[in-house]
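Undergrad: here's my sequence, what's the structure:
(2 chains)
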Amino acid sequence: MTTHRRLGTAAMLVAALVLGACGRDSGGGGDAAQPVAEGKATGEITVWAMGTEGEKLGAFAQEFMAENPDAKVNVTAVPWDAAHQKIASAIAGKQTPDVSMLGTTWMGEFAKTGALDPTPEGTVARGDFFPGAWDTTVVDGTSYGVPWYVETRLIYYRKDLAAKAGVSAPTTWDELKSFATAMRDKGGTKWGMNLQPGGTGSWQSFMPFAWSNGAGLADGDAFTLDSPQMTEALAYYQSFFTEKLSPPTDLSLQGALEQSFINGSLAAFISGPWHVSLLTDQGGAAFKEKFAVTAMPRKQSATSFVGGSDLAVFKDAKNRDGAWKFVSWLSRPEVQIKWYQTVSDLPAVQGAWSDPTLSGDPILATFGEQLKDAKSPPAIPTWEQVAAVIDGEVEKVAKSGTDPAAAAKAMQQRASGIGTGA
Amino acid sequence: MRRRDLVARVGLYVVLGAGLLVVVGPFLWAVLSSVKPEAEIRRIPATWWPEVFTLDNYRELLSRLDFPQAFANSAIVAVLTTLGNLAFCSLLGYALAKLRFPGKRALFLVVLGTLMVPSMVTFVPQFVMVSNLGLVNSYGGLILPFLATPFGVFLMRQYLLSVPDELIEAARVDGAGELRIFARVVLPLCGPALATLTILTFLASWNNFLWPLVVATTEDRYTLPVALALYSVGQNRIDYGLVLAGAVAVLLPVVIVFVLLQRHFLRGIATTGLK
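TA: As a prediction, the model looks like this:
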């Protein structure tokens, strides 16, 4: 008996410690943005950036420091692997840097902790950015950061096999279906189109179809996952699996996506700009002539997914004004082009896309075109959980033939149980 | 040797060989693939022996990272953490196993209790504490929270229970103080347990990723696993060549420590459960 009581006391003590540590007052919403002081940036600006961005940004910022001789930019590179955990802990321990790069789907969660500084008027102009990218920074009507670079999803397809099959790039839903069928039946491929059959992140593969069909994820604080448009999109997605056009196991999980595409057993897949270099690395330079990209097919619209990263300034920043000035500098069109040339990140600022570096490349230009019609999920703190629900239902629809209407209903029910965190 | 013995022996080696292949195979593939170009690593069906031998993965790793600094950080943290555990866990283990004092049972229960709390639960509160102590981005912050572990205390206590009381009493009769008994009589008997504790602590510290990632806020404090993760895994793509080269670089020191202490380690594991 005494043993139990003692253990119980110990457990309660631990619980109290944990709860006490989580007691940070949550703000978010209704934050008023303070203006940034005029003049040049001064003092030390600490920046966290992930992976290659973190590796190159320090040297890249030399030019900013030349313009602002009294400012010093210190960049720490953070591994992508656990960057989310690192930033979450830093917020809890009040050890945040001045500026950090944040994944676009993290904005809702971190803004809700009250740790992010609202974007001040006059630092950047909202209209300069792709609207879908800007939306990733907006939580409850307030912007908490600035898009830094973007990526969107297109259809990669084998040009040479399409010619053999006598089809051209699909532009509508019906054409995409007949395109995939022709590629399989006449183009000699095993699979006409690779759609992700569930698993983590399959919502990114599925949602473009839902958005293109007029379905949305949420309206205000309520999810709208069981709309007829959503059901129709799920049914269309499912048909690629029932008609054996799309492989039932995830090729990319096996690391086989690129190889299947290169050896001609897969005719097409949906992915972002990084696949251009993956394909030419693995298929050889000559393979570049054999594939092309095309925009998402049109239903009501031809909408794709927009991802990438935003830059956010923390409320605890020691050098808030300097931080915003640095963010503002990174958002200049000419700096965005230079940044593209440094690390191949696609500019989030629309004005940068008129530069021949980007507009002169047919593949990049297609990405630029698609970015004008690209959406992101709502910036809500519970998004990762809701995404997991969508991933799960997409998997049931694709793999075990679950009725699309039932899946949409299940999505809505489980997502509503999780809530928007508002 | 009789015929039947020979058959049995051959059979045994076949079974053991198959087991060895399953256990060592993936490691072998990782080591061999770390010297292949990216396209060959991803090829299906996979190749074993590199068709194209290249040290580019290692070269890139070394040129993009401050490898000596990260290695030194890892070594400092792992060695000091291990020394701390050896000292504190054996002291507390000794007290819990052999000394009589009020509250001993309760103390042991607290140790056992903390053993059951998953580390993810205490992660953020622990970071807040380290932050309040002003130890963020210091070796102190990297080492202090791991200087003594409940598992180590438990391990040492269980082992020390098997040391005969008569030895300690004899030393006491001869007039030795408690610390002297501990250092001269008890510790020399703990070889296997200390070796086990050394390996487990060193491994845990060496491989620790999340804590150093969060506590180190500038790259010159990154430990090896954190630094190696920097450029291999991107937002949307993974560079397998870098991942494998990094894995081999992290693995080597651990393999060396294990080989050096292997004999003690096996004995330690075999005896700790016994009483």
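Undergrad: which residues touch the closest residue to A:Ala218 other than its chain neighbours?
TA: Excluding its sequence neighbours, the residue lying closest to A:Ala218 (CB to CB, 6 or more residues apart in numbering or on different chains) is A:Pro378, at 5.1 Å. For the C-beta atoms, the positions are set from N, CA and C on the backbone; glycine is no exception. A:Pro378 sits next to A:Gly108, A:Leu217, A:Ala218, A:Thr420 when contact means CB atoms under 8 Å, 6 or more residues apart in numbering or on different chains.
Undergrad: nearest to chain B, of the residues you listed?
TA: Lowest distance from chain B to the contacts of A:Pro378 (CB to the nearest CB) belongs to A:Gly108, with 17.9 Å.
Undergrad: what sits against the residue lying closest to that closest one once chain neighbours are set aside?
TA: Excluding its sequence neighbours, the residue lying closest to A:Gly108 (CB to CB, 6+ apart) is A:Ala379, at 3.7 Å. Contact analysis of A:Ala379 by CB under 8 Å, 6+ apart lists A:Thr105, A:Met107, A:Gly108, A:Ala111, A:Asp135, A:Thr136, A:Thr137, A:Val138, A:Val139.
Undergrad: closest to A:Lys40 out of those residues?
TA: Checking the contacts of A:Ala379 against A:Lys40 by CB to CB gives A:Thr137 as the nearest, at 25.3 Å.
Undergrad: can you give me phi and psi for A:Trp48?
TA: With angles defined as degrees, to the nearest 10, A:Trp48 sits at phi -110, psi 130.
Undergrad: can you say which helix or strand has the closest residue to it other than its chain neighbours in it?
TA: Among residues not flanking A:Trp48 along the chain, A:Ser100 sits closest, at 4.2 Å (CB to CB, 6+ apart). A:Ser100 is part of strand A:99-103, with elements assigned from DSSP states H and E.
Undergrad: give the other helices and strands that that strand contacts.
TA: strand A:43-50, helix A:83-92, strand A:304-313, helix A:320-330 (3 or more CB pairs under 8 Å, 6 or more residues apart in numbering or on different chains; DSSP states H and E).
Undergrad: re earlier: using the three-state scheme, assign the residue nearest to A:Ala218.
TA: coil (DSSP: H, G, I helix; E, B strand; the rest coil).
Undergrad: what do you get for A:Ala32?
TA: Of the three states, A:Ala32 takes coil according to three-state DSSP.
Undergrad: please name the nearest non-neighbouring residue to it.
TA: Once flanking residues are discounted, A:Ala32 sits nearest to A:Pro118: 7.1 Å by CB to CB, 6+ apart.
Undergrad: state the number of residues packed around that neighbour.
TA: A:Pro118: 22 surrounding residues under other CB atoms under 10 Å in any protein chain shown.
Undergrad: what's the answer for A:Ile337, then?
TA: Applying other CB under 10 Å, we find 20 other residues in the vicinity of A:Ile337.
Undergrad: cool, B:Pro37 as well?
TA: B:Pro37 has 19 neighbours, counted by other CB under 10 Å.
Undergrad: correct me if wrong: it contacts B:Thr54.
TA: Yes: using CB atoms under 8 Å, B:Pro37 is in contact with B:Thr54, at 5.5 Å.
Undergrad: quick one: which of the contacts of A:Ala379 sit in helices?
TA: Among these, the members found in helices (DSSP state H) are A:Met107, A:Gly108, A:Ala111, A:Asp135.
Undergrad: so, low pLDDT: which residues of the stretch 1-150 of chain B?
TA: The model of the stretch 1-150 of chain B has pLDDT under 70 over residues B:1.
Undergrad: find the closest residue to chain A in it.
TA: B:Ser131 (3.6 Å).
Undergrad: could you find the closest non-adjacent residue to that residue?
TA: Spatial nearest neighbour of B:Ser131, excluding adjacent residues (CB to CB, 6+ apart): A:Gly93 at 3.6 Å.
Undergrad: ok, now how distant is that neighbour from A:Gln282?
TA: Taken as CB to CB, to the nearest Å, the spacing of A:Gly93 relative to A:Gln282 amounts to 42 Å.
Undergrad: ok, now B:Trp211?
TA: From B:Trp211 to A:Gln282 the distance is 36 Å (CB to CB).
Undergrad: again with A:Phe129
TA: Between A:Phe129 and A:Gln282 the computed distance is 33 Å (CB to CB).
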